[in-house]
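# Give me a 3D structure for the following:
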Amino acid sequence: MPADRTEIPVQGRYEAAAHGPHLVLDGGPLSGHDTFLTGILLLAEPYTAEIPVRILTLDDITVLSPTTDPAYPLPGAGKPWSGVLRLPHGWRTPSLPKDLARAAATAGVDLGQWDEALTRYALTFLGEARDPEVRAQRIHVILAAAGAGQ
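Sure thing, here's the model as predicted:
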């Protein structure tokens, strides 16, 4: 996983807010990246601006909030935009939930063998389980898949 800069193609829409403009990402929340930090948004044509932003990811949305008054005009309210989000802090390392880590240790299964994409997929699959019984079943499926790969 890179510890340095990451660049992500993004698109969204501009929304005016009481405390300044918000650039809302399309497609749900930005996943797998450190948020509540800052980055640089490089807007593409026709806006072509380089904007320092605070990255705010909530349950189902990511909002880029300029940290300074942009020197260039932004899209109008509701207008689509696209560009590249530059994250100087790189990717966030996914951490295993305690119940999954404990079950893996008990079963003698090494979840560290998976690449980051597969780990994120498994953690998303597990994270969507709200019912404790369903969660336990999903942990079993994850460990079975990991054990088959050893």
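# which helix is the longest one in this structure?
Counting residues, the longest helix in the chain under DSSP state H turns out to be helix 132-148.
# Buried residues of that helix, list them for me.
Judged by neighbour count (16 or more other Cβ atoms under 10 Å), helix 132-148 contains these buried residues: R135, R138, I139, I142, L143, A146. (C-beta placed from N, C-alpha, C; glycine too.)
# And the nearest residue in space to the fourth one that is not next to it in sequence, which helix or strand is it part of?
Of all residues not flanking I142 in the chain, A122 sits nearest, at 5.0 Å (Cβ to Cβ, 6 or more residues apart in numbering). The secondary structure element spanning A122 is helix 116-127 (assigned by DSSP states H and E).
# Packing partners of the longest helix of the chain?
helix 98-107, helix 116-127 (3 or more Cβ pairs under 8 Å, 6 or more residues apart in numbering; DSSP states H and E).
# who does the last one touch, helix- and strand-wise?
If I follow you right, that is helix 116-127. Here helix 116-127 touches helix 132-148, going by 3+ Cβ pairs under 8 Å, 6+ apart.
# Could you rerun that using 10 Å?
helix 98-107, helix 132-148 (3 or more Cβ pairs under 10 Å, 6 or more residues apart in numbering; DSSP states H and E).
# List the contacts of the first one.
By that I understand helix 98-107. The contact list for helix 98-107, computed with Cβ atoms under 10 Å, 6 or more residues apart in numbering, reads 95-97, 109-112, 122-123, 126, 132, 135-136, 138-140, 142-144, 146-147.
# switch the cut-off to 6 Å
The contact list for helix 98-107 (Cβ atoms under 6 Å, 6 or more residues apart in numbering) reads L111, I139, L143.
# cool, stretch 132-141 as well?
L100, A103, L126, A129.
# Which of these sits closest to T48?
Taking Cβ to Cβ as the measure, T48 lies nearest L126 of the contacts of stretch 132-141, at 41.3 Å.
# Many thanks, we can stop here.
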